[in-house]
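A.B. asks: here's my sequence, what's the structure:
(one chain, ligands or ions: 2)
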Amino acid sequence: MELKIAVLAGDGIGPEITKEAIKVCNAIGKKYNHKIIWTYASTGAIAIEKYNDPYPDDTHKICIEADSILFGAIGDPKYDNDPSAKIRPEQGLLKMRKKLGLFANIRPTFTFSSLIDKSPLKKERINGTDLVFVRELTSGIYFGDRGRKDNGDTAYDTCTYNREEIKRLAKKGFELSMKRRKKLCCVDKANVLESSRLWRETVQSMEKDYPEVEVSYEFVDAVAMRLIQWPNTYDVLITENLFGDILTDEASVISGSMGLMPSASIGNNNSLFEPIHGSFPQATGKNIANPLAAILSAAMMFEMAFNLKEEAECIKKSVEKSLEKGIITEDLAQNNEKAFKTNDIGDFLKNQILSEN
Ligand code: IPM
Ligand code: MN
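C.D. replies: Residues are numbered from 1 along each chain as shown. Ligands and ions are numbered 1, 2, ... in the order given. Coordinates of the predicted model:
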């Protein structure tokens, strides 16, 4: 197969981890006979410096012409510490999600048996956790009306959802749960928020179309607690943009490191695959960042964008093997365990993939 992939490595550790993901994809391409054509484009702080735009039109063009997109990370402390900055790297990510119509963000949380002791949570609590968040990604408070009034002394952000936006997201959640354990949890704050009440109403009206799916409705504050108390009771969770952002960072603690968590952002015509972590500026250029979230995002790309399940499985198996052998970066290394470098992980996986028949 010929696969045209746009690469938006972005800021901070983005380029380093993306390089390892590309290394792994090229090994898969070689093994399974796929021709992968990589096209590089700028986004984030780097794009602001070059084009004064964190998601330039040229980048958008490359994205829509590609079969799928591999994304690294975005963000630069220079802007975090300057609340008055008019152009910010994160705007690039939001603009990109919106312009590409990537309304569903699929964020799985799982455990690796070899890493079960790395989580700060008790083993018996997290064992067997296998859940997926389907986070709404192109609406809600991230994209609502915002501004200042009273001479700048009052600020507001608004959360708006319409039925269609909720429906298309919930549909992804129902469909995913049908392929899994047929349990769907709608996470909201319907005891307070009107937008949440519309979520609940909309999801309830869809239940009849998926009679096999057991649907529960839980408040986001309760889910924040249950998620780390009994994570293995959840299967698929659907939620709005901001709740999903917060809960998926929380969920990453279950697997032991944020550096492990991949994600897929899906729309009707485009798909993008990105780690859930940020640009980790303190580690930039040090070759210490964990590239596994980026590599596992590439595995999700093979499966979801190209329907190449065997290739995806091969990456995941190689990752499991590397972890079993203790080929880990410093975020996971404890008690004098050796910490490998970012590029060591990619090299190990590449060799592992190519050495197997
Ligand atoms: C994420 C990130 C982004 C978000 C930021 C960088 C805008 O935290 O992908 O979860 O909030 O969506
Ligand atoms: Mn986030």
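
A.B. asks: how about the nearest residue to the closest residue to ligand 1 within the stretch 151-300 of the chain, chain neighbours excluded?
C.D. replies: Here the stretch 151-300 of the chain gets closest to ligand 1 at one residue, residue 245, 4.5 Å apart by CB to the nearest ligand atom. C-beta coordinates here come from the backbone N, C-alpha and C atoms, glycine included. Distances taken as CB to CB, 6 or more residues apart in numbering place residue 135 nearest to residue 245, at 6.9 Å, with adjacent residues excluded.

A.B. asks: same question for residue 154.
C.D. replies: Spatial nearest neighbour of residue 154, chain neighbours left out: residue 148 (6.6 Å); criterion: CB to CB, 6+ apart.

A.B. asks: need the longest helix for the protein.
C.D. replies: helix 14-32 (DSSP state H).

A.B. asks: hey, C-alpha coordinates of that one in PDB?
C.D. replies: What follows is helix 14-32, C-alpha atoms only, in PDB (Å, rounded to 0.1, in the frame of the first residue of the first chain):
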ATOM      1  CA  GLY A  14       7.800  16.800  19.500                       C
ATOM      2  CA  PRO A  15      10.500  16.400  16.900                       C
ATOM      3  CA  GLU A  16      12.500  13.900  19.000                       C
ATOM      4  CA  ILE A  17       9.600  11.600  19.700                       C
ATOM      5  CA  THR A  18       8.200  11.900  16.200                       C
ATOM      6  CA  LYS A  19      11.500  10.900  14.700                       C
ATOM      7  CA  GLU A  20      11.300   7.600  16.600                       C
ATOM      8  CA  ALA A  21       7.700   7.000  15.600                       C
ATOM      9  CA  ILE A  22       8.800   7.500  11.900                       C
ATOM     10  CA  LYS A  23      11.700   5.100  12.400                       C
ATOM     11  CA  VAL A  24       9.200   2.500  13.700                       C
ATOM     12  CA  CYS A  25       6.800   3.100  10.800                       C
ATOM     13  CA  ASN A  26       9.500   2.800   8.300                       C
ATOM     14  CA  ALA A  27      10.500  -0.600   9.800                       C
ATOM     15  CA  ILE A  28       6.800  -1.600   9.500                       C
ATOM     16  CA  GLY A  29       6.800  -0.300   5.900                       C
ATOM     17  CA  LYS A  30       9.800  -2.400   5.100                       C
ATOM     18  CA  LYS A  31       8.500  -5.500   6.700                       C
ATOM     19  CA  TYR A  32       5.000  -5.400   5.300                       C
END
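
A.B. asks: that one and ligand 1 in contact?
C.D. replies: No: under the criterion of CB under 6 Å from any ligand atom, helix 14-32 makes no contact with ligand 1; the nearest approach is 11.3 Å.

A.B. asks: buried residues, that helix. List them.
C.D. replies: Neighbour counts over helix 14-32 (16 or more other CB atoms under 10 Å) mark 14-29, 31 as buried.

A.B. asks: and the gap between residue 9 and residue 46?
C.D. replies: Separation of residue 9 from residue 46 (CB to CB, to the nearest Å) stands at 8 Å.

A.B. asks: could you do residue 287 as well?
C.D. replies: 19 Å.

A.B. asks: so residue 32 touches residue 311, yeah?
C.D. replies: Yes: at 5.5 Å, residue 32 and residue 311 qualify as touching, with contact defined as CB atoms under 8 Å.

A.B. asks: for ligand 1, what are the nearby residues on the protein?
C.D. replies: So the chain meets ligand 1 at 74-75, 90, 93, 245, 276, 278 (CB under 6 Å from any ligand atom).

A.B. asks: kindly reformat those as a markdown table containing secondary structure, neighbour count and pLDDT.
C.D. replies: A markdown table is the format used below for the residues of the chain next to ligand 1 (DSSP: H, G, I helix; E, B strand; the rest coil; neighbours: other CB atoms under 10 Å; pLDDT from 0 to 100):
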| residue | secondary structure | neighbour count | pLDDT |
| --- | --- | --- | --- |
| 74 | coil | 29 | 95 |
| 75 | coil | 22 | 94 |
| 90 | helix | 18 | 93 |
| 93 | helix | 25 | 95 |
| 245 | helix | 19 | 96 |
| 276 | coil | 24 | 93 |
| 278 | coil | 17 | 93 |
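
A.B. asks: where does this structure have its least confident helix or strand?
C.D. replies: One helix or strand of the chain scores below all others by mean pLDDT, DSSP states H and E: helix 77-80, with a mean of 90.

A.B. asks: which parts of that helix are buried?
C.D. replies: Buried residues in helix 77-80, counting neighbours by 16+ other CB under 10 Å, are found at residue 79.

A.B. asks: check stretch 246-264 too.
C.D. replies: 247-248, 251-264.

A.B. asks: let me see the mean pLDDT of it.
C.D. replies: Mean pLDDT, computed over stretch 246-264, is 93.

A.B. asks: how far is that stretch from where the chain is centred?
C.D. replies: 9 Å (CA atoms, centre = their mean, to the nearest Å).

A.B. asks: and if you look at stretch 38-53?
C.D. replies: How far stretch 38-53 lies from its chain's middle: 20 Å, per CA atoms, centre = their mean.
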